[in-house]
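1. I'll drop the sequence and a predicted model, then ask my questions.
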Amino acid sequence: MNSADGFLPPEDQADFEQILDEALRTARLTSGADAAGIEELRELARDALPDIASAASAEYERLTALRLRLAERPDAGAGLTERAGPPSGVGVVTVFFALVPVLAGIAGVVFLLLGYLLGVADPEPAMAEPMRTVGWVFALVAAVGLLIAAAGLVIVAARNGATSIRASAPADHVARARDEWRRALHDNGIAPFLRQHVAALPQHQQQDRTPRLRFSSPHFSSPEFSSRGGDAPARPRYGTPDFSGPTYTSPADGGADLE
């Protein structure tokens with residue numbers, strides 16, 4: 001049974017499920033509960049959603065108030081309408097001030113180039129001086145048009161920037177309040193609830209299923225040596241060699257005999 005439906009809007013219900021999944025994953029790693037125990041904790045948390053949500057009621061009330069304030073802003077829809085597409089008159093003026101400096105600059109370069117090239121000839125043609133004059137006029141128009149276009153771009157950028165800042169400020173407040181509610185829901189609601197009920201799980205659901213490897217030391221025995229009769233081990237015996245000194249006889253007996 002899932003009694004969580006109806007207590008939170010869909011977007012907040014999705015946040016609750018996400019926070020619950022993360023907390024259950026952490027609880028499974030720390031407590032060693034099996035999959036059945038985790039699913040049991042999930043159902044218990046869903047059934048106890050009103051009690052869990054009450055732990056972060058202050059943060060949620062602030063989030064709800066900011067959402068209502070953002071929805072009631074009169075310029076919320078107007079700003080979207082204005083950004084959807086500029087009026088046709090503004091577009092024509094923008095294109096005009098963008099093209100005038102370019103066209104005037106090209107015309108000024110052409111007239112000045114022709115005027116000064118004709119001025120090299122001897123005698124100088126009568127049209128050389130007017131062409132140079134027209135070229136400088138176009139150059140002046142290009143410079144003025146460039147300054148006007150730059151000023152217009154700065155004004156439009158400043159206006160759009162101020163509008164976007166005013167429009168994004170309430171949204172930033174809502175996002176910050178949502179993060180605070182999520183943190184309070186985890187720290188004050190879900191985490192204490194899971195710690196309390198993990199301890200109440202049956203023992204077989206908390207046991208660690210990781211096998212433990214046990215090693216036994218090998219047994220070594222010294223080799224046994226026995227005698228031929230098998231009664232006692234034989235030990236080598238060492239004896240000193242027997243030496244006898246030489247025997248000498250007198251010369252009358254026929255010389256020395258070495259025994």
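-> Sure thing, it's come through.

2. List the buried residues in the helix or strand where residue 100 lies.
-> If you go by DSSP states H and E, residue 100 is part of helix 88-120. For helix 88-120, burial by neighbour count (16 or more other C-beta atoms under 10 Å) applies to 97, 100, 101, 104, 105, 107, 108, 111, 112, 114, 115, 118. Every C-beta, even on glycine, is put in place using the N, C-alpha and C of the backbone.

3. Report the mean per-residue pLDDT for stretch 143-154.
-> For stretch 143-154, mean pLDDT is 84.

4. Now it - C-alpha only, PDB.
-> C-alpha atoms of stretch 143-154 as PDB (Å, rounded to 0.1, in the frame of the first residue of the first chain):
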ATOM      1  CA  ALA A 143      30.900  57.100 -38.400                       C
ATOM      2  CA  VAL A 144      27.700  58.700 -37.000                       C
ATOM      3  CA  GLY A 145      25.700  55.600 -37.900                       C
ATOM      4  CA  LEU A 146      28.300  53.400 -36.200                       C
ATOM      5  CA  LEU A 147      28.100  55.400 -33.000                       C
ATOM      6  CA  ILE A 148      24.300  55.300 -33.000                       C
ATOM      7  CA  ALA A 149      24.300  51.600 -33.600                       C
ATOM      8  CA  ALA A 150      26.700  50.900 -30.800                       C
ATOM      9  CA  ALA A 151      24.700  53.100 -28.400                       C
ATOM     10  CA  GLY A 152      21.500  51.200 -29.400                       C
ATOM     11  CA  LEU A 153      23.200  47.900 -28.700                       C
ATOM     12  CA  VAL A 154      24.300  49.000 -25.300                       C
END
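
5. Quick check: residue 67 touching residue 174?
-> Yes. Taking C-beta atoms under 8 Å as the definition, residue 67 is a contact partner of residue 174 at 6.0 Å.

6. now the buried residues of helix 88-120 as TSV including pLDDT and distance to residue 140?
-> Shown next, in TSV, are those (pLDDT from 0 to 100; distance: C-beta to C-beta, whole Å):
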residue	pLDDT	distance to residue 140
97	74	16
100	84	12
101	85	11
104	89	8
105	89	11
107	90	11
108	90	8
111	90	12
112	91	12
114	90	18
115	87	15
118	85	21
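
7. May I ask which helix or strand encompasses residue 124?
-> Going by DSSP H and E, residue 124 is not part of any helix or strand.

8. I'd like the next helix or strand past the helix holding residue 100.
-> helix 128-184.
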